[in-house]
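**Student:** fold the following and give me the result.
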Amino acid sequence: MNFSTTAGRGASGSPPSSTAAGGTCRSQRPSSGRRSRSPTLTRSSSNAPARQTPTASCRYALVRAAPHRVRCVRVRDPPVCPNLHERRRPVTRNPQLDQHGVLRHLLSIDGLPRETLLNILDTARPFVSVAEREVKKVPVLRGKSVFNLFFENSTRTRTTFEIAAKRLSADVINLNIDASSASKGESLLDTISNLSAMDADMFVVRHAQSGAPFLIASHVREGISVINAGDGRHQHPTQALLDMYTIRHYKQSFTGLTVTIVGDVLHSRVARSQIHALSTLGVPEIRVVGPKTLVPDSFAQLGVRVFNRMEDALVGVDVVSMLRLQNERMDGGLLPSAQEYYKSYGLTAERLALARPDAIVLHPGPMNRGVEIESSVADGSQSVILPQVTFGIAVRMAVMSILAVR
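**Tutor:** Here you go, the predicted model:
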């Protein structure tokens, strides 16, 4: 056996507390008929730690027999070598961020750090005033191509994304899905590959299937960014961000706020994104209210308080966020009728009076007047529904500009 190692005392002067010392085993297993001699030890003159020479083939472990003696023994388990560094567990990186933590896609609010959300809100602030200029443009995305891919119908989201990109001086291409090859059976990824070959720089995607923007983001080449404009009942990150901007604009801070989300929470991608954003930004109390069929108790796992009585959920709140009934995502039988829903969960002036006097009312649209909200409330002084739309352009400009200059 040819073995060499260095052993030393710990910093305190006593032997190191570890039961194994470093070394390199070059021999084979000792023969059973002959007793092997202890390996030769080379002591260092200092208290330096043992020299380690990793080897993947080492099948012998070194154990301390005495304070100044080390012997090599056979181990029964699969190859174990104290010299090998512990294998690092794979780290799951957020697909929205690059290796430096910089935003490269916007797919979900969930998992984004607070600093990223605040950076988007802060970046959006100066973009609000662009609408007041004679020429409503800035050259941030000049020469960039933005493709709007809306596989679901949209008015506010698609239009505000188009306006946002054009105000940033981008070239905007709105793909007509019904007239595209997707209607002929072309797969989603084949569509993306062909558009990428046209030198796309950014995709804004709305899709009925949850996770579709994530799939696209994992498929596109480096340098192309993907923005989720709503996927199934999963996430709608830019809607949540513009809601957060609106709340901060009117309340100055998220500290000490109580926010109530009303309606079809079960099917709402807006509600999920709002809950993640509010929690990340430090809102201390988030309430959700609606029929038990639309607000399961399991939502309490997200850190929210679940109510089934509208009046209880509105007492003393600062912000009321109404949700549209997602009829297109319901299987049926979840509600008796729209009239019954309004009777129990419609936001009337009488119910709004239970909130704080300076409470604000949000709605992502489209509104169903007389079902989710009373017209006098939707058009009243506490409604900030139209400012939401205005701020939405600036927030989407902020997201695009951050992705473009990374």
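**Student:** and the longest helix seen in the chain, which residues are buried?
**Tutor:** Counting by DSSP state H, the longest helix found in the chain is helix 385-404. By neighbour count on 16 or more other CB atoms under 10 Å, the buried set for helix 385-404 is 385, 387-389, 391-404. Quick note: C-beta positions are derived from backbone N, CA and C, even for glycine.
**Student:** same check on stretch 356-364?
**Tutor:** Buried residues in stretch 356-364, counting neighbours by 16+ other CB under 10 Å, are found at Arg356, Ala359, Ile360, Val361, Leu362, His363, Pro364.
**Student:** was I right about the first one contacting Val317?
**Tutor:** So the one you mean is Arg356. Yes: shown here, Arg356 and Val317 form a contact pair, counting by CB atoms under 8 Å, at 6.6 Å.
**Student:** rounded mean pLDDT for the longest helix of the chain, please.
**Tutor:** Helix 385-404 comes out with an average pLDDT of 98.
**Student:** could we number from 27 for the rest of this?
**Tutor:** With 27 as the first residue, the last one maps to helix 411-430.
**Student:** packing partners for that helix?
**Tutor:** helix 140-154, helix 182-193, strand 228-233, strand 251-257, helix 263-277, strand 386-388 (3 or more CB pairs under 8 Å, 6 or more residues apart in numbering; DSSP states H and E).
**Student:** among the ones you listed, which is the most enclosed?
**Tutor:** When the helices and strands packed on helix 411-430 are scored by mean count of other CB atoms under 10 Å, the highest mean neighbour count falls to strand 251-257 (a mean of 26).
**Student:** show the average pLDDT along that strand.
**Tutor:** Here strand 251-257 scores 98 as its mean pLDDT.
**Student:** counting contacts, what elements does it pack onto?
**Tutor:** In terms of contacts (3+ CB pairs under 8 Å, 6+ apart), strand 251-257 is packed against helix 182-193, strand 228-233, helix 238-245, helix 263-277, helix 411-430.
**Student:** can you redo these as CSV with distance to Ile146?
**Tutor:** Output for these, formatted as CSV (distance: least, CB to CB, whole Å):
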stretch, distance to Ile146
helix 182-193, 13
strand 228-233, 15
helix 238-245, 17
helix 263-277, 6
helix 411-430, 5
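**Student:** figure out which of those is closest to Arg313.
**Tutor:** helix 263-277 (14.5 Å; CB to CB).
**Student:** elements contacting that closest one?
**Tutor:** Counting contacts by 3+ CB pairs under 8 Å, 6+ apart, helix 263-277 packs against helix 140-154, helix 182-193, strand 251-257, helix 295-306, strand 345-348, strand 386-388, helix 411-430.
**Student:** including distance to Arg274, could the ones you listed go into CSV?
**Tutor:** Shown next, in CSV, are those (distance: least, CB to CB, whole Å):
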stretch, distance to Arg274
helix 140-154, 6
helix 182-193, 19
strand 251-257, 21
helix 295-306, 11
strand 345-348, 11
strand 386-388, 11
helix 411-430, 10
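**Student:** out of the ones you listed, which comes closest to Ser213?
**Tutor:** Closest approach to Ser213 among the helices and strands packed on helix 263-277 (CB to CB): strand 251-257, 16.6 Å.
**Student:** now the closest one - C-alpha only, CSV.
**Tutor:** Output in CSV follows, covering the C-alpha atoms of strand 251-257 (Å, rounded to 0.1, in the frame of the first residue of the first chain):
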residue,chain,number,x,y,z
SER,A,251,-38.5,37.7,-23.8
VAL,A,252,-42.0,36.4,-23.1
ILE,A,253,-44.7,38.2,-21.2
ASN,A,254,-47.7,36.4,-19.8
ALA,A,255,-50.9,38.3,-20.7
GLY,A,256,-53.0,35.7,-18.9
ASP,A,257,-52.9,31.9,-19.0
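**Student:** report the distance from that strand to the chain centre.
**Tutor:** 12 Å (CA atoms, centre = their mean, to the nearest Å).
**Student:** and the furthest pair within the buried residues of stretch 382-390?
**Tutor:** Arg382 and Pro390 (21.7 Å).
**Student:** where's the closest residue in space to Glu311 that isn't next to it in sequence relative to Asp257, distance?
**Tutor:** Residue nearest to Glu311 in three dimensions, not counting chain neighbours: Thr284, with 4.4 Å by CB to CB, 6 or more residues apart in numbering. From Thr284 across to Asp257, the span is 29 Å (CB to CB, to the nearest Å).
**Student:** kindly report the same for Phe325.
**Tutor:** With distances taken as CB to CB, Phe325 is found 19 Å from Asp257.
**Student:** again with Met393
**Tutor:** In terms of CB to CB, Met393 sits 22 Å off from Asp257.
**Student:** now Arg313: phi and psi?
**Tutor:** Main-chain torsions, Arg313, degrees, to the nearest 10: phi -120, psi 150.
**Student:** burial count for it?
**Tutor:** Other residues within reach of Arg313, judged by other CB atoms under 10 Å, total 19.
**Student:** do I have it right that Ser195 meets Val161?
**Tutor:** No: the pair Ser195 / Val161 is not scored as a contact, 10.4 Å apart, by CB under 8 Å.
**Student:** what's stretch 330-339 in contact with?
**Tutor:** Contacts to stretch 330-339, defined as CB atoms under 8 Å, 6 or more residues apart in numbering, come from residues 286-288, 301, 311-318, 321, 323, 325-326, 370-371, 377, 380.
**Student:** stretch 413-424 now?
**Tutor:** With CB under 8 Å, 6+ apart, stretch 413-424 has contacts from 146-147, 149-151, 153-154, 156-157, 166, 182, 186-187, 189-190, 193-194, 264-265, 267-269, 271-272, 275, 388-391.
**Student:** show me how far that stretch is from its chain's centre.
**Tutor:** Chain-centre distance of stretch 413-424: 20 Å, with CA atoms, centre = their mean.
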